[in-house]
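> dropping the sequence and predicted coords here.
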Amino acid sequence: MRKTGLTLILFMSFLASTTPAQRDTAQEKSPATDRKSAAGKSPTSHSTPRFSPYHAGAWEQEIGYSQAVRAGNMLYISGTVGADGRGQPADLDSQMKRAYAAIEKTLAHYGTDFSHVVMERIYTTDIDQLIRSQETRKQFYGQQCPAATWVEVKRLYQPADKIEIEVQVALN
């Protein structure tokens with residue numbers, strides 16, 4: 001069931017980030033339609049992924065994720081927290097600023113900025129404080145805010161984390 005759900009999410013993401021013409025072109029170029037890839041292997045063979053990961057630190061390898069992955073004209077930036085290993089800063093607003101600053105650094109690596117963010121997901125342990133911190137959020141987005149989902153959760157990766165921000169970016 002978990003694999004099916006992930007497949008559905010990935011498919012929905014593909015549909016949302018492409019036009020019908022792009023989907024038709026992707027299907028025409030798909031190894032599954034040719035029954036063999038360029039290397040002559042069957043479509044179920046393992047091959048080099050069609051995306052480019054970016055790593056911000058060694059901890060990603062320990063945990064098992066990439067800070068960002070570029071796939072075509074889309075950039076997916078992993079959930080980013082603002083507290084350090086000691087849980088500082090302790091308040092949500094300061095953690096939000098640090099998380100956005102880290103996202104901004106990743107965006108700069110790809111030659112883009114917050115104006116290209118099309119979807120944002122925020123996970124927080126305190127939705128009321130997140131609502132009160134909207135002016136901080138707007139400092140990064142200005143007047144052009146992306147589609148967004150905010151979810152209150154019981155806990156994030158580290159107990160001191162109060163906010164985790166993940167974004168999807170449309171690249172030119």
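Cool, got the structure. Numbering: from 1, shown residues only.

> what's the local residue count around residue 62?
8 (other CB atoms under 10 Å). C-betas here are computed from N, CA, C, even on glycine.

> name the element it belongs to?
helix 59-63 (DSSP states H and E).

> check which element follows that helix along the chain.
Following helix 59-63 in sequence, per DSSP H and E, is strand 68-71.

> quick check: residue 137 touching residue 96?
Yes. Residue 137 is within contact range of residue 96, at 6.7 Å (criterion: CB atoms under 8 Å).

> between these two, who's got more neighbours?
residue 96 (26 against 18).

> now the phi/psi pair for the more buried one, please.
Main-chain torsions, residue 96, degrees, to the nearest 10: phi -60, psi -50.

> same check, this time on residue 167
Taking degrees, to the nearest 10 as the convention, residue 167 sits at phi -140, psi 160.

> can you give me the distance of it to residue 159?
Residue 167 is 24 Å from residue 159, where distance means CB to CB, to the nearest Å.

> tell me which of the two has more neighbours.
residue 167 (25 against 10).

> domain parsing for the chain?
1-48, 51-170 (automatic domain parsing).

> now the shortest one: average pLDDT?
In this model, domain 1-48 carries a mean pLDDT of 45.

> for residue 74, name its beta-bridge partners.
residue 71, residue 170 (DSSP bridges).
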